[in-house]
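> Starting from these lines, generate the structure:
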Amino acid sequence: MPQSHVISGLITKRAELAGIVLQAERALAKLKEDLAAIDNTIRLFDPDSVPGNIKAKARRAARYPFHIRRTILGVIRKSGSPMTISAIAEKVAIEKKINISDASAMAELTLKVRNSLAHNATGLVRLLNEESGQFLWRIAG
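Here you go, the predicted structure:
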């Protein structure tokens with residue numbers, strides 16, 4: 001059979017996907033068990049409640065699963081001089097192999113950098129205001 005390598009590859013891929021489906025089904029069954037346990041606990045505290053009427057809420061997955069705070073601090077530390085938020089975001093993107101030509105990804109990453117720096121400004125980093133009106137960040141100390 002001249003195309004046996006194609007069939008072999010498809011069989012391997014199908015087996016792989018079937019395994020993923022089995023794992024997903026097991027995970028779904030576990031989640032349903034957890035949900036039933038929570039429903040029972042709710043009923044213990046409020047026998048009149050109907051947990052099934054509680055509206056489901058989707059959880060948004062993080063686009064950047066890495067620890068951005070540590071990466072940001074490392075980028076600033078390595079630079080040795082104060083940096084703008086956009087420069088920090090660009091270095092983080094390069095370090096984490098994020099496409100810097102993707103404008104929406106960079107806008108989101110820049111926002112994450114800004115938020116992270118604002119929350120960490122209590123001692124780890126310092127904000128400097130240059131005469132040019134540009135804000136620069138550096139490691140505190």
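> mind listing what Ala140 touches?
123-126 (C-beta atoms under 8 Å, 6 or more residues apart in numbering). (C-beta placed from N, C-alpha, C; glycine too.)
> Take these and keep only those in strands.
125-126 (DSSP state E).
> Closest to Ala107 out of the contacts of Ala140?
Val125 (21.4 Å; C-beta to C-beta).
> and that closest one, how many neighbours does it have?
By the criterion of other C-beta atoms under 10 Å, Val125 has 21 neighbours.
> low pLDDT regions in the protein?
The chain contains residues with pLDDT under 70 at 1-2, 59-66, 120-122, 130-133.
> tell me the domain boundaries of it?
Domain assignment of the chain by automatic domain parsing yields the ranges 4-53, 68-139.
> For the residue nearest to Gln134 when sequence neighbours are not counted, give me its contacts.
Take Gln134 and drop its neighbours on the chain: the residue closest to it by C-beta to C-beta, 6 or more residues apart in numbering is Thr84, 6.3 Å away. Thr84 makes contacts with 134-137, as judged by C-beta under 8 Å, 6+ apart.
> for Ile68, same thing?
92, 112-113, 116.
> and with 7 Å instead?
92, 112, 116 (C-beta atoms under 7 Å, 6 or more residues apart in numbering).
> where do the strands sit along the chain?
Using DSSP E, strands in the chain cover 125-129, 135-139.
> what about the residue nearest to Leu136 when sequence neighbours are not counted, distance to Val125?
Distance criterion C-beta to C-beta, 6+ apart; nearest residue to Leu136, sequence neighbours excluded, is Pro82 at 3.5 Å. Counting by C-beta to C-beta, to the nearest Å, the gap between Pro82 and Val125 amounts to 10 Å.
> With Gln3 instead?
Applying C-beta to C-beta to Gln3 and Val125 gives a distance of 60 Å.
> Over to Leu117?
6 Å.
> any common contacting residues for those two?
Joint contacts of Leu117 and Val125 (C-beta under 7 Å, 6+ apart) are Trp137.
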